[in-house]
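I need the structure of the sequence given here:
(2 chains)
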Amino acid sequence: MNAYCEARFDPLPASATAAELIARIGAAGIRGMGGGGFPTAQKLQAALDSRRHAGGAPIELIANGVACEPGIDGDLLVLAEHGAAVMHALHRLGMALAVPTPTLALGTRTAHLRGELEAAWPRAAPLKVLPVPAGVAAGAEPLLLRQAGVHLPDPNQPPATQGIVVLNVLTLLAIGRAIDHGELLTARPVTVAGATRWVHYGEPLTALLPEASGALRSGGPWSGRSAGAAERVDATTLAVAAAGTTTADPCIGCGRCAPACPVGLDPEALWKHCADLPASAVTLAEQASPDSALQQLASAGLDRCLECGYCNAVCPSAIDLLAAFRQASDRGRALKASVAAAQRSAARYARHEAREAQRDAARSERRAARLQRRRDWTASS
Amino acid sequence: MIPLRRPRSTVALLWLTTALLLPGALVQSWLFGGAVLTLLIAGILFATGAEALCQWLRHRRLDRRRLADGSSALTGALIALCLPPETPLPVLAFACLVGLGLGKFAYGGLGNNLFNPAMVGYAAVLISFPEQIAQWPVAAGEVLTATDALTGATPLDAFSHRGALTVAEFRDTAAHGQFAGAGWEHINLAFLGGGAALLALRIAHWRVPVAVLLALALCATLTDDGGSSASTGTALFHLFTGATCLTAFFIATDPVTQPSDPRGQWLFGALIGVLIFAIRSYGTWADGAAFAVLLANGATPLLQAQGERWRARLQALRNS
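Below you'll find the predicted structure:
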C-alpha cells in the first residue's frame, strides 16, 4: 500500500496504554473516514472519560463495515484487500480500551467477506459479528446502533460521550497503520466515477476526473453534494463523480419522499419550511422565536435527518431536498452558536452592571460615612 | 441493497396519466361519436394556450419546459372528457382559461394550487353555461353507433327526474343499461381499466380512489331499500354511472390537491365519495362529482393536519 508515507513514528509496543494509543492517533491526524470527519482521538478520549463518569462501565466498540450506499465502495475495497489489518486494529484497540466484545457490523454488500474477516481474528478473543439487513442508510450511526440493540441513555448526546464508539473500517485501518507502523495518514480510497482507488489527501477533485467538464459531486449518488471548484480530497471525500445536470420541477406533493425516509421524517414538510427561511439576516430574537422557520424545522425533526439523500433519489421532480436540509442545518447551528454568544455577552454585561452597582454603592457609603464624620467633627468642635 | 433507480420524472407521470385517459376517451367516442376526440384534442390545445397566456401575463416570457410538462394538457383533457361532445368550442376555451387562470396560476402555478384546475374550469362552465352543456347524446338500451345517437339527458339526469317511477321500474327504462346507466357503464369500466393501470404503474396512490369508491358504495348500500320510489339507487348504479370512475382515478388522485398524509388521503377520498352520493341523491345537480372534488380540495389542509395529528398520536403510542 503506497497510500502511507514513510514511517514517522516508532511502532507502539503491544504493552502501550490507551492514553498512548490515543496520543498516537491524534498525532497521526486521523479523522473519521466514513464521512463524518470527526477527530478520532477526541472520540476515543470522550469514551474513556465517560467510562470514568459511569463508574467503570465497559466501552462498546463497533467497527462499521456496512457500506450501505451503492456507489461508495471504499469500505469494500479495504475489507477485501486489508481485512486482516482492519481486524488486527480492531483487536488492538479493543484490548487497550478494555472492550469485552468488539462488534463487527457487515452489510449486504460486505457479508460475503465474513469468513475471511473472522479467520483473521485471534481465536481466543471474543468477537460479535452483526449482519445488518439491507436498508436505506442502514450504516448510519443512529440506525446501526438501533440494529445492534444499543440503548443510548441520552439520544441527543453523541454516542462516544456515552461510552459507545463506532469507527468506520477505513478509520480502523488507519489506526492500525499508525500504531503498528508509525505511519501518518495521507491517503484514502475514493470511488471515482464508479472505480475505487487510493487517492492522496490534498489532491484537487478536478485532477481525479480530468475528463469531466462540468461541476463535480463529492460523495455518493444519494448523499453527495456539489463540490466547489477548488475542493481537495480529505478524510470525508468518499466518492467523486460528475454532477448530473437535472432541472428541478415544482413539488407536486406526490408524497413519495415520506415513506422513503429511513427515520420517518416528512421531507416535503421540512422542505417547505426550508423555503420559508428568510433570505436575508433577521434579528436573533426573530430567528429564535417559536414561529420562525428555523424553529419550525427543529420541531419538524430536522436534527434527526441522517442526510442519507434517499428522499432526493425518489423525488420525481428531481428537487435537491438534501442541499436545502444541509443549508438549514448549518443555519440552525449558526443560530444556536450566536444565541449562546448573545447569552454569554448578556451574562457578562449583567455581571459588569452588578459590579458597577456594587462599586457605586460602596462609594456612596464611604461618602456618606465621610460626611457623617465631618458633621460629627463640626458638631463637637 | 436498494437498487439505485431513477424514478419516473414528474413530467413523465403527468403525460402517462394523460395517456391512460385514452381507454375511457375511446369508449366515449365509440358511444357518442368522433366529436369526443375532437373535443379532447381541442381541450389539450386550449389548455396549453391558456397556460402560455398565463405565463406571459405573469412573467412576460414563456417557459417551454412548463408548457410541455403535461400538467396543462392533463387539465385540458379532463375538462374535455367532462363536457358533452357537442359543447361549443368557445365554452371549452372558457373552461380551460378559468381552470388554468383562476384554478392554477392565481395560486402560483403547478404545485401551489388549492383546487383541482380541471374541476374549477368545469364547475365554472356548469354554472355559467348550463344550457350549452346540458345535452348529451343518448346511448339508450344497447350500445348505439354515432348515427343512432340522439341528444337528451344523461342516465343520472333521467334518474333524478324519474318522476313517479320507482327505482325498480327505472331499471326497465332505456336510460338503464345492464347494471348501471346505459352506455355510461362501459365508459366507467374503461376509466376503471385506465385507473387500474395508473395504480399498477404506481403513478397514483391507491388509497384515494379506493376510498372514493368504497364510501360511495357504502352510502348507496346503506340507503338502498330494494327499489322503492324514495330509494337512491344501488351501489353498482352509482359506481358505474356518471363520472364516478373518472373522478375517483383521475381527478381525485391529483397529488397537488390531495393531502400527502396517508390517513388524510383516506379521509379525503371518503369525503369525495360521500359528497358525490349526497349531491346526486339530495342535491340539485344530477352528478355531483365536480363539486364533491372541489369541496374536498377546500378541506385538504384540514384533512392533512388531522392526518398528521393521528400519525403523531400513533407514534407517541408506539413509543410509550
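
SS state for B:Leu216?
helix (DSSP: H, G, I helix; E, B strand; the rest coil).

contacting residues around it?
B:235, B:238-239, B:244, B:273-274, B:276-277 (Cβ atoms under 8 Å, 6 or more residues apart in numbering or on different chains). In short, each C-beta sits where N, CA and C put it, glycine included.

which one of those residues is nearest to B:Val167?
B:His238 (11.7 Å; Cβ to Cβ).

for that closest one, which non-adjacent residue is closest in space?
Among residues not flanking B:His238 along the chain, B:Ala220 sits closest, at 4.5 Å (Cβ to Cβ, 6 or more residues apart in numbering or on different chains).

for B:Phe129, same thing?
Counting by Cβ to Cβ, 6+ apart, the residue nearest B:Phe129 is B:Val91, at 5.2 Å.

so the one you found makes contact with B:Leu83?
Yes - between B:Val91 and B:Leu83 there is a contact under Cβ atoms under 8 Å: 7.5 Å.

so if I had to pick from those two, which one is more boxed in?
B:Leu83 (25 against 14; other Cβ atoms under 10 Å in any protein chain shown).

that one and B:Trp15, how far apart?
22 Å (Cβ to Cβ, to the nearest Å).

where do the strands sit along the stretch 1-150 of chain A?
Taking DSSP state E, counting those that start in this stretch as the criterion, the stretch 1-150 of chain A carries its strands at A:60-65, A:103-106, A:128-131.

just checking, A:Gln63 touches A:Ala105?
Just so we're on the same page, residue A:63 is Ala rather than Gln. Yes - counting by Cβ under 8 Å, A:Ala63 touches A:Ala105, with 6.6 Å between them.

B:Val208 touches B:Ala270, doesn't it?
No - if you go by Cβ under 8 Å, B:Val208 and B:Ala270 don't touch, sitting 9.3 Å apart.

which one's more surrounded, those two?
Taking neighbours as other Cβ under 10 Å, B:Val208 and B:Ala270 compare with B:Val208 leading, 28 against 22.

packed most tightly, which of the strands of the stretch 1-150 of chain A would that be?
Of those, the one with the most neighbours on average (mean count of other Cβ atoms under 10 Å in any protein chain shown) is strand A:60-65, at a mean of 26.

residue in the stretch 151-300 of chain B with the shortest distance to chain A?
Distances between the stretch 151-300 of chain B and chain A by Cβ to the nearest Cβ are smallest at B:Ser260, namely 3.7 Å.

mind listing what that residue touches?
Taking Cβ under 8 Å, 6+ apart, one finds A:253-255, A:258, A:266, A:268, B:304 in contact with B:Ser260.

so it sits in a strand?
No - going by three-state DSSP, the assignment for B:Ser260 is coil, not a strand.

got phi/psi on it?
Main-chain dihedrals, B:Ser260, degrees, to the nearest 10: phi -90, psi -10.

likewise for the one 4 residues further on?
Dihedral pair for B:Gly264: phi -60, psi -40, per degrees, to the nearest 10.

show me what contacts it?
So B:Gly264 contacts B:258, B:300, B:303-308 (Cβ under 8 Å, 6+ apart).

again with A:Phe9
Shown in contact with A:Phe9 (Cβ under 8 Å, 6+ apart): A:24, A:27-28, A:178, A:182-183.

between all of the contacts of B:Ser260, which two are separated the most?
Farthest pair in the contacts of B:Ser260, by Cβ to Cβ: A:Cys254 and B:Gln304, 14.0 Å.

hmm, back to that, just the buried ones among the contacts of A:Phe9, please.
Buried by 16 or more other Cβ atoms under 10 Å in any protein chain shown: A:24, A:28, A:178, A:182-183, out of these.

quick revisit: out of the contacts of B:Ser260, which are inside strands?
Among the contacts of B:Ser260, no member is found in strands (DSSP state E).

from those, which is closest to B:Asn319?
For the contacts of B:Ser260, the nearest to B:Asn319 is A:Asp266 (17.1 Å; Cβ to Cβ).

correct me if wrong: that closest one contacts A:Arg256.
No - contact criterion Cβ under 8 Å: A:Asp266 and A:Arg256 do not qualify, at 11.7 Å.

low-confidence stretches in the chain?
With no chain named, the answer covers chain A. A:1-7, A:280-282 (pLDDT under 70).

let's do chain B instead
The model of chain B has pLDDT under 70 over residues B:1-5, B:138-153.

how about the residues of it near chain A?
Within chain B, the positions near chain A by Cβ under 8 Å from any Cβ of the partner chain are B:1-2, B:4, B:7-13, B:65, B:69, B:109-112, B:205, B:255-256, B:258, B:260-262, B:308, B:315.

rerun that using 7 Å as the cut-off
With Cβ under 7 Å from any Cβ of the partner chain as the criterion, chain B comes near chain A at residues B:1-2, B:4, B:7-11, B:13, B:65, B:69, B:109-111, B:255-256, B:260.

give me the buried entries from the contacts of B:Gly264.
B:258, B:300, B:303-304, B:306-308.

which one of those is nearest to A:Gly332?
For those, the residue nearest A:Gly332 by Cβ to Cβ is B:Glu308; the value is 21.8 Å.

which residue is nearest the middle of chain B?
B:Thr247 (2.6 Å; Cα atoms, centre = their mean).

backbone dihedrals for the residue nearest to that one when sequence neighbours are not counted, please?
Nearest residue to B:Thr247 in three dimensions, chain neighbours excluded: B:Ala289, at 4.1 Å (Cβ to Cβ, 6+ apart). Backbone torsions of B:Ala289, given as degrees, to the nearest 10, read phi -60, psi -50.

if I look at B:Ala289, how far off is B:Arg309?
If you measure B:Ala289 against B:Arg309 using Cβ to Cβ, the figure is 29 Å.

ok, B:Thr257 next?
Distance, B:Thr257 to B:Arg309, by Cβ to Cβ: 20 Å.

okay, these two: which has more neighbours?
Legend: neighbour count by other Cβ under 10 Å for B:Thr257 and B:Arg309, higher for B:Thr257 (24 against 13).

backbone torsions only: list them for that one.
Dihedral angles for B:Thr257 - degrees, to the nearest 10 - are phi -100, psi 10.

all helices for the stretch 101-250 of chain B, in order.
Assigned by DSSP state H, counting those that start in this stretch, the helices in the stretch 101-250 of chain B fall at B:117-128, B:155-160, B:167-170, B:184-200, B:207-223, B:235-239, B:244-246.

check which helices and strands the first one sits against.
In other words, helix B:117-128. Secondary-structure packing of helix B:117-128 (3 or more Cβ pairs under 7 Å, 6 or more residues apart in numbering or on different chains; DSSP states H and E): helix B:71-82, helix B:89-101, helix B:289-319.

need the residues of the stretch 51-200 of chain A near chain B, please.
Contact residues, the stretch 51-200 of chain A versus chain B (Cβ under 7 Å from any Cβ): A:70-71, A:108-109, A:134, A:136.

ok, those residues vs A:Leu79, which is closest?
Of all these, A:Arg109 has the smallest distance to A:Leu79: 9.6 Å, by Cβ to Cβ.

please tell me how far A:Asp73 sits from B:Gln55.
The gap separating A:Asp73 from B:Gln55 is 45 Å, by Cβ to Cβ.

this completes my enquiry, with thanks.
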